[in-house]
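Asks: show me how the following folds:
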Amino acid sequence: MAIRSDASSETHRFGPRPVFLLFGLTVAGILIHGYHYGFDDQSVYLPAIKKTLDPALYPFDAAFFLLQTRLGCFVEAIAASIRITHLPIDWALLAWHFASLLLLFSGCGRLACRCFLSRAGVRGSLLLLTSLLTLPVAGTFVVLCEPYLHTRALATGFLLFAFVAILERRLVAAVWILLAALTHPVIALLGMWHLALQAWPVRTQTNAQSPAPAFTALALAAVPAGLLARWFADPSDPAWRAALSGRRYLFPAQWTWYEWLGAFAPLVILLLYARLARARGLDVLARICRRMAISGGIGVAAGLIVGFTPALLPLVPLEPMRTLHLVYLILVLATGGLGAQLLPQPWKLASAALLFPLAFGMFLAQRSELSASPHFEWPGAASRNDWLQAFIWIRLHTPRNALFAMNPDYLRLDGENEHGFRGLAERSQLAEAAKDRAVARNIPALAWQWRDEVRAQQGIEEFDLERLSELRRSYGVTWLLLRKATGRAASLSALDCPYENPTLRVCRAP
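Replies: Numbering: from 1, shown residues only. Modelled structure (predicted):
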């Protein structure tokens, strides 16, 4: 990494220090924010990876993860790395998570070097980012970087390298954009909008224009592609509308006041930072902040138009409000860098000291949200979570062609901590209400199957033997995962249940 002054051609090089700094920040980020396996969106990615490695898995429900993950090359890349290295899949995902975080920090570091004139500015931006990695982005239901392997971190890292290449007017930006699109097409689409405005020609002191029409055309070409991606969604389809309902983060009209504040306040702050940076000679930072405020504002306006216009309902799954993700990232980098570079020395020490309670607060927030899971889920470590213990027993003791039925809302139940059944148990299941809903929203052809299977399992803990038998007759269900509730299911002594723990029991379908 190098820090380049706008006022001078002098370039300060750090030698090997940035490498150690980036590795240290990556480790610190994982220690503060934790690491989880088979968690949240890995309910989709993990079974897709396992299916790619072993096509015999998931004979009944693969459409709920393959149709979405095949939009990019992320799953195939991880599966190929596992075949080459022969690493266990849980260790491979941990290594990929570390690499994605390292890529993200490297991209942020390169961008910070373009923005700030001192080592303190660069390090301040990276340290603040390390403390706030899991900061929520307004009401969009995403964070800056998830505490598990996710395509968003990789795609964002690639976009940051494209960002720097555009600032340096290098055509290699197109390569980074392509890598981001192959990793996460939607994040790349939203990111290219920001990059297009950053690349827009500007007047220099010699009255010439910077050559960036190629990047602008590339970003604008993605807009009709995004529109075509949703042409087959029928707004009148009741099953597809059911997949959209109940997800308030998709509809800004349902956001709370503080989520609205989180959408607009960063744009105002970036404009203030632009004026401050211009006054202090940080012209690159001033340009970035000003243009990010503009592109972010237009993105928010687009989100509002899509959310409030019934005719544009098929575009809702594109989630245009998530253009705020890159806005938040730049805001955090600018805040940390400006504080470290411009504050007087006593204030610098005070602000640096605030990083410790800030990081500790983020640590406590993660522990509060995932209290039933360890902060760091080591590969191969025995779990004390009753749900995960049941998943492991199922993986080891049930047929590979088993089809399970369970409470479709199991991901939201206390103690489950959003660990996906398919990825950890390696067995097929009828559709569940959370992650499969998101897939049905993005792949409308699955909406009817999703709605029917979710409805068939609603209240399964209260089913009698006849209704449980109906699941086998109608859907081919062979196994059940039932909570030990106080209702009817708890007294069904006729069920054959070879496994149980204090929370759950695994039974053969009657």
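Asks: any idea whether the residue nearest in space to the middle of the chain is helix, strand or coil?
Replies: Closest residue to the average C-alpha location of the chain: Arg152 at 4.7 Å, with Cα atoms, centre = their mean. The local conformation at Arg152, judged by DSSP: H, G, I helix; E, B strand; the rest coil, is helix.
Asks: now do the same contact list for it.
Replies: By Cβ atoms under 8 Å, 6 or more residues apart in numbering, the contact list for Arg152 reads 142, 145-146, 184, 187, 325. Any C-beta I mention is one placed from the backbone N, CA and C, and that applies to glycine too.
Asks: from the residues you listed, pick the one nearest Leu22.
Replies: Closest approach to Leu22 among the contacts of Arg152 (Cβ to Cβ): Cys145, at 14.2 Å.
Asks: from Phe158, how far off is the residue nearest to the centre of the chain?
Replies: Using Cβ to Cβ, to the nearest Å, we find Arg152 at a distance of 11 Å from Phe158.
Asks: pop out the phi and psi values for the residue nearest to Asp409 when sequence neighbours are not counted.
Replies: Leaving aside its chain neighbours, Asp409 sits nearest to Ala433 (5.0 Å; criterion: Cβ to Cβ, 6 or more residues apart in numbering). With angles defined as degrees, to the nearest 10, Ala433 sits at phi -90, psi -10.
Asks: would you map the strands across the protein?
Replies: Shown for the chain, the strands assigned by DSSP state E span residues 2-4, 11-13, 403-406, 428-429, 479-483, 499-500, 504-508.
Asks: with respect to burial, which of those strands scores highest?
Replies: Comparing those by mean neighbour count (mean count of other Cβ atoms under 10 Å), strand 428-429 comes out on top with a mean of 26.
Asks: who does that one touch, helix- and strand-wise?
Replies: Judged by 3 or more Cβ pairs under 8 Å, 6 or more residues apart in numbering; DSSP states H and E, strand 428-429 is in contact with strand 403-406, helix 421-425.
Asks: between the strands of the chain, which one is nearest to Gly337?
Replies: For Gly337, the closest of the strands of the chain is strand 2-4, at 10.8 Å, according to Cβ to Cβ.
Asks: okay, the strands of the chain in a markdown table with distance to Arg114 and mean pLDDT next?
Replies: As requested, these are exported to a markdown table (distance: least, Cβ to Cβ, whole Å; pLDDT from 0 to 100):
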| stretch | distance to Arg114 | mean pLDDT |
| --- | --- | --- |
| strand 2-4 | 7 | 44 |
| strand 11-13 | 11 | 42 |
| strand 403-406 | 51 | 96 |
| strand 428-429 | 48 | 96 |
| strand 479-483 | 52 | 94 |
| strand 499-500 | 57 | 93 |
| strand 504-508 | 53 | 93 |
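Asks: which ones are touching the residue nearest to Ala28 when sequence neighbours are not counted?
Replies: Excluding its sequence neighbours, the residue lying closest to Ala28 (Cβ to Cβ, 6+ apart) is Thr130, at 5.3 Å. Going by Cβ under 8 Å, 6+ apart, Thr130 touches 25, 28-29, 32, 105, 359.
Asks: try it again with 6 Å
Replies: Counting by Cβ atoms under 6 Å, 6 or more residues apart in numbering, Thr130 touches 25, 28-29.
Asks: point out where the chain drops to low pLDDT.
Replies: Along the chain, the parts satisfying pLDDT under 70 run over 1-15, 202-234, 486-492.
Asks: buried residues in stretch 308-317?
Replies: The neighbour-count check on stretch 308-317 (16 or more other Cβ atoms under 10 Å) flags 312-317 as buried.
Asks: how far off centre is it?
Replies: Its chain's C-alpha centre and that of stretch 308-317 lie 22 Å apart, by Cα atoms, centre = their mean, to the nearest Å.
Asks: start to end distance for that stretch?
Replies: From its first residue to its last, stretch 308-317 covers 14 Å (Cα to Cα, to the nearest Å).
Asks: just to revisit the earlier point, in a markdown table, list the helices and strands packed on strand 428-429 along with distance to Pro346.
Replies: Shown next, in a markdown table, are these (distance: least, Cβ to Cβ, whole Å):
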| stretch | distance to Pro346 |
| --- | --- |
| strand 403-406 | 58 |
| helix 421-425 | 50 |
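Asks: of the ones you listed, which is nearest Ala302?
Replies: helix 421-425 (33.5 Å).
Asks: give me the distance from that closest one to the chain's centre.
Replies: Worked out by Cα atoms, centre = their mean, helix 421-425 lies 19 Å from the chain centre.
Asks: just send the buried residues of stretch 308-317 back as TSV, with distance to Val268 too.
Replies: Shown next, in TSV, are these (distance: Cβ to Cβ, whole Å):
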residue	distance to Val268
Leu312	27
Leu313	30
Pro314	32
Leu315	27
Val316	26
Pro317	29
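Asks: which of those lies closest to Phe74?
Replies: In terms of Cβ to Cβ, no member of the buried residues of stretch 308-317 lies closer to Phe74 than Pro317, at 18.4 Å.
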